[in-house]
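Asker: No letters, just coordinates:
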């Protein structure tokens with residue numbers, strides 16, 4: 001009995017990585033909760049601009065892991081990259097703290113500091129993210145790989161526990177409003193400082209415990225310099241890396257440049273968004289061009305590409321949490337939660353809370369269905385996830401339909417939205433990562449994970465674009481009224497503003513026209529939310545219709 005117990009135990013190194021990742025996610029999600037509000041209220045940016053910055057920032061955070069993974073594999077190793085990335089993110093958060101401390105006296109300098117801080121965090125995340133996840137798998141020898149699903153479930157709980165704590169504490173100290181609803185715009189700095197301290201704690205946990213616990217069963221250190229690593233996972237004679245012809249590499253570079261220019265000049269995307277979209281497509285093309293791929297391997301890779309495309313729409317809708325949904329929580333929501341008036345940036349805390357609550361039950365559900373031979377294949381689960389996101393936005397669209405300019409959305413509807421979207425996330429996000437691992441040829445595994453993460457990055461970029469079409473919400477109409485301007489009449493083009501009035505609105509971050517998406521003018525919150533209902537609903541229907549074909553292309557993999 002004791003021998004069995006020992007066999008089912010997870011290595012202590014998993015808990016070291018759990019703690020490191022928990023504090024890093026505290027740092028990241030805590031900062032994310034208050035970032036857009038800081039941009040709008042302290043750095044005096046428009047909500048549209050803040051949403052675009054937010055989307056670009058998140059997108060780059062999922063682009064740089066390709067670079068961080070490459071540097072780790074070739075030069076520094078997992079351990080050094082985790083420490084470097086952790087310290088960089090702590091420095092970046094401290095620069096945000098500095099920016100939030102000096103904006104009152106020098107807003108231009110504060111804005112420059114903000115850009116530098118976000119850049120450092122982006123590259124720090126690139127070093128940290130791929131390497132901490134890689135080390136979880138490295139803890140287990142080949143004969144214990146069956147424990148990986150449970151190990152990653154534990155690790156996923158650490159991610160969301162950290163997210164929950166960050167979204168609780170950073171808003172409490174950083175997003176402060178008095179009893180009259182007036183925000184203390186100087187408090188944001190404390191939220192950023194809390195995030196910086198959390199990252200330092202996580203880095204210290206890893207630094208002091210790595211040599212004792214983050215080791216192989218034989219006691220060898222994991223994640224050291226590449227030249228010292230011993231890899232036992234490949235079969236004899238199997239290639240350990242992808243090999244591309246010079247022609248393929250040159251073609252990928254040309255495609256990258258051409259696609260980037262196309263997205264920038266033809267589709268009007270900014271430089272960051274163009275970089276993200278072009279990177280994903282050119283990398284996907286490079287992989288599929290390899291002549292050593294068999295037909296089965298090509299078919300399975302194509303399934304990854306198709307699923308990755310639909311994942312874009314999920315993240316575009318899901319990541320409204322930090323931009324448009326936060327602005328709505330701030331401007332047109334009754335946030336009274338059992339007598340506690342929640343800070344608007346804290347409302348998104350329910351996603352992390354629900355993930356911690358439902359991750360294990362969902363895992364048990366898939367195990368039960370598998371035991372009955374009724375478990376749906378991965379693309380079906382993901383189509384269900386997209387349908388749930390569409391449902392969540394349809395419900396909230398119905399509830400904002402008759403709010404008008406001054407009505408307040410009850411917080412229970414945002415909580416319900418996060419509940420449904422959490423169920424969607426558990427149907428789609430971990431399932432997608434697992435699918436990539438099952439379908440990838442071993443020599444392309446890292447690159448195909450890169451493609452999948454780039455689809456996340458593309459989704460975040462699209463989230464920024466969609467968040468920027470948020471129409472004017474309640475407080476904008478009230479603020480304009482205080483200035484003697486009937487904003488609704490302005491938006492309906494019933495009155496023409498003077499140049500002085502246009503400037504007055506701009507100075508108060510109020511836009512004097514309705515946003516436009518795909519040629520359609522967005523007049524109100526109902527129409528805004530219906531954009532996500534249509535996008536995710538169509539994506540769900542199309543993906544579900546494709547599943548019989550995808551099942552054949554998976555060649556026996558579920």
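Answerer: Nice, I can see it. On a predicted model such as this, the values are computed, not experimentally measured, just so you know.
Asker: Tell me if I'm right that residue 84 and residue 78 touch.
Answerer: No - when contacts are counted by C-beta atoms under 8 Å, residue 84 is not listed as touching residue 78 (10.8 Å). (C-beta placed from N, C-alpha, C; glycine too.)
Asker: Among the two, which residue is more densely surrounded?
Answerer: residue 78 (26 against 20; other C-beta atoms under 10 Å).
Asker: tell me the phi and psi of residue 483?
Answerer: Main-chain dihedrals, residue 483, degrees, to the nearest 10: phi -90, psi 10.
Asker: Please apply the same query to residue 337.
Answerer: Torsion angles, degrees, to the nearest 10, at residue 337: phi -120, psi 100.
Asker: which residues touch it?
Answerer: Taking C-beta atoms under 8 Å, 6 or more residues apart in numbering, we find residue 337 in contact with residue 411.
Asker: what bridges to it?
Answerer: Beta bridges link residue 337 to residue 340 when assigned by DSSP bridges.
Asker: what separates it from residue 344, distance-wise?
Answerer: 12 Å (C-beta to C-beta, to the nearest Å).
Asker: helix or strand for the closest residue to residue 57 other than its chain neighbours, which one?
Answerer: Once flanking residues are discounted, residue 57 sits nearest to residue 118: 5.4 Å by C-beta to C-beta, 6 or more residues apart in numbering. Under the criterion of DSSP states H and E, residue 118 resides in helix 107-138.
Asker: what's the following helix or strand after that helix?
Answerer: From helix 107-138, the next helix or strand downstream (DSSP H and E) is helix 148-174.
Asker: what is the orientation angle of that following helix with helix 107-138?
Answerer: Counting by axes from the mean of the first three to the mean of the last three C-alpha atoms, to 10 degrees, helix 148-174 lies at 160 degrees to helix 107-138.
Asker: Next, the buried residues of helix 148-174.
Answerer: By 16 or more other C-beta atoms under 10 Å, the buried positions in helix 148-174 come out as 148, 151-152, 154-174.
Asker: Just to check, the residue nearest to residue 57 is in contact with residue 54?
Answerer: No - counting by C-beta under 8 Å, residue 118 stays clear of residue 54, with 9.9 Å between them.
Asker: These two: which is more packed in?
Answerer: Here residue 118 and residue 54 are compared on neighbour count by other C-beta under 10 Å; more neighbours surround residue 54, at 26 against 21.
Asker: In contact with residue 273, which residues?
Answerer: 55, 56, 59, 263, 461, 464, 465.
Asker: same deal with residue 157?
Answerer: Taking C-beta under 8 Å, 6+ apart as the definition, contacts of residue 157 comprise 18, 356, 359.
Asker: Could you do residue 203 as well?
Answerer: 20, 23, 82, 83, 86, 87, 90.
Asker: Helix or strand for it, just tell me which one.
Answerer: Short version, using DSSP H and E: residue 203 is in helix 188-213.
Asker: so after that helix, what's the next helix or strand?
Answerer: helix 246-261.
Asker: what does that next one contact?
Answerer: 244, 274-275, 277-279, 281-283, 285-286, 289-290.
Asker: Show me which pair in those is furthest apart.
Answerer: Using C-beta to C-beta, the contacts of helix 246-261 reach their maximum pairwise distance at 274 and 290, which is 25.8 Å.
Asker: Double-check residue 539 against residue 307; I have them as touching.
Answerer: No - contact criterion C-beta under 8 Å: residue 539 and residue 307 do not qualify, at 11.0 Å.
Asker: dump the residue contacts of the residue lying closest to residue 63 once chain neighbours are set aside.
Answerer: Nearest in space to residue 63, with sequence neighbours left out and distances taken as C-beta to C-beta, 6+ apart, is residue 457 at 4.9 Å. Listed by C-beta under 8 Å, 6+ apart, the contact set of residue 457 reads 58, 59, 60, 61, 62, 63, 276, 279, 280.
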